[in-house]
Every structure is written in C-alpha cells, then in structure tokens.
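> Here's a sequence, model it:
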Amino acid sequence: MKSLGFPAGSSIVAYTARERPDLWEDARSLFGDVWPEYNLHANDSAAYFGTLFPLHAHLQILFFDQATDDVVARGRTIPFHRDGTLEDLPTGIDAVGLRAVGDSRSPNALSALAAEVATHRQGEGLSPLLLQAMSRVARQAGFEAIVAPVRPSWKDRYPLTPVNRYAHWKRVDTLPFDPWLRVHARLGATILRPEPKSMRIDGPVDDWERWTGMTFPEDGDYGFPFGLSPLRVNDDVGFYWEPNVWMLHEVS
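Sure thing, here's the model as predicted:
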C-alpha cells in the first residue's frame, strides 16, 4: 500500500493483510485492551469478524512501525451488498456483518468494522490515517462508498441520552460534539442514521459483574463504566444493545 501521508521521517508503513499475513497473525492478540471488556463478548460478532481473513485479506489494514518492529494500528472492514437507499442500510454492525456472511449477492459496498490504535500509540494521529486507508482499499476494490457504524467515543458520558439525539449534538463550529464522529466528519463523512440497537451483548449477570467490576443486586436498568447505554438486568441475565452512528464516506 502506498504512502498514506505519514509524517516526514515516520518509520510507519501500511500493508494489507494479504501483503503481510504474518503481521495479521501477530496482531490478533494486540488490540484487546483498546476495547472495554464487555465489548469483547458480543453475541454475534464472531460470526462475521471471523471471516475477515483470509477471505477479505485485501481489505484489512495494518500499520507497522519498522523502528519498533511492531504493529501499531489495525483497520478491519467487510464487504456487503446494499442498494444505496437509507431503508436498505443494515440496522447496525451486527446486521451488516451477518448480511455480509449470509447474502449470496455480490458485495458493492464496504463497511468499516473497527479502527484500532495500540494504546501506547494513541494521540499520534493514526486514526484518521486508518480511515483514509479504508477508503483507499475500498476504491481499489471497486466500491464507490464506505459506510461506518461509528462507536461514539463520548457517548458513555451520556448513557441516558438517546443516540438519536446525541449523534446530532454539535460544537459552535458546527462539527460533531463527539470526538470520533468529528474525526470522520473532518474527512468528509456525513451522518446517515443513528442506530440504537447495533451490537447485542447478552449474558449472565455474573459475567456482566466480572466485565464491569460492578454488582447488580436486583432487576432494573444500570449505567456502567464505558457503557454507551443502560444495561437491563432481568432474572440474572444482563441485556445490552450498543448504539452506533452510521456515517458515509464517498470514495469515488
């Protein structure tokens, strides 16, 4: 993959997983700590994340630092079919992933799934470059657009505010209030639709207590660390829907 505008003198280079399958294997265990623990236990995510390599290796991105000899960022995407209308847009990250693995039609669009930067390299401006790399592989694959079910990074500060409202909060400069939505917007992305039920994570209360470090002593709705919406506890089971915000990047 050609230069993505890394700073002059940078030792970081970009590859696809097809170009460097060895680095893809190395990266499998590197990014778990960039997510809240509960986020690693979604009901359906293994069904589609597990198909990315080798089937779609040419659409997976790795940033490798030659100076430190390690992978410092990873971008994961999945191709799927959509007719371009808002009505045909899947209802979140689970829906797009499950459509991608279960649809017999040829894919004509690319969905971002995750843009991950190693915790010790965050703040270096690598996230926007990952998004640009996703757009580049989409263009090279012949797709005219990339959509992203964006996980708003400050939504956990406002878990009771519906994502339908939160997604449209703006700063005085009219850019999105949320920092991660703002990164996408600065690259030209537009909001298609907030998605209240994007990723489903249900599990025994014992598991939720271990994931969150909290105790849930009775049935009810609870806020919890890093949760974007409340957890509903009922009959010793915790039910959670993670919201996202669909954003569109034109790549043609």
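
> So in terms of bridging, what pairs with Asp70?
According to DSSP bridges, the partner residues bridging Asp70 are Asp65.

> Am I right that it is in contact with Phe31?
No. In this structure, Asp70 is not within contact of Phe31 by Cβ atoms under 8 Å, at 11.8 Å. The way it works is simple: take the backbone N, C-alpha and C, and place the C-beta from them, glycine included.

> tell me, what's touching the two both at once?
Any residue near both Asp70 and Phe31 by Cβ atoms under 8 Å, 6 or more residues apart in numbering counts here, and that gives Ala118.

> roughly how far apart are the residue lying closest to Arg139 once chain neighbours are set aside and Leu130?
Distances taken as Cβ to Cβ, 6 or more residues apart in numbering place Val251 nearest to Arg139, at 4.7 Å, with adjacent residues excluded. Here the distance between Val251 and Leu130 works out to 14 Å (Cβ to Cβ, to the nearest Å).

> Neighbour count for those two, which is higher?
Just comparing Val251 and Leu130: by other Cβ atoms under 10 Å the higher neighbour count belongs to Leu130, 24 against 20.

> in the chain, which helix has the most residues?
The helix of greatest length in the chain, counted in residues with DSSP state H as the criterion, is given as helix 126-140.

> what element comes up after that one heading to the C-terminus?
The first helix or strand that comes after helix 126-140 along the chain, using DSSP states H and E, is strand 145-150.

> pLDDT weak spots in this protein?
1-3, 252 (pLDDT under 70).

> so where do the strands sit in it?
Per DSSP state E, the chain carries strands over the ranges 12-16, 61-65, 70-80, 109-117, 145-150, 190-204, 220-222, 231-234, 237-250.

> So for Ala27, which of those sits nearest?
With Cβ to Cβ as the criterion, Ala27 lies closest to strand 70-80 of the strands of the chain, at 4.5 Å.

> elements contacting the closest one?
helix 21-27, strand 61-65, helix 93-102, strand 109-117, helix 126-140 (3 or more Cβ pairs under 8 Å, 6 or more residues apart in numbering; DSSP states H and E).

> switch the cut-off to 10 Å
strand 12-16, helix 21-27, helix 45-49, strand 61-65, helix 93-102, strand 109-117, helix 126-140, strand 145-150 (3 or more Cβ pairs under 10 Å, 6 or more residues apart in numbering; DSSP states H and E).
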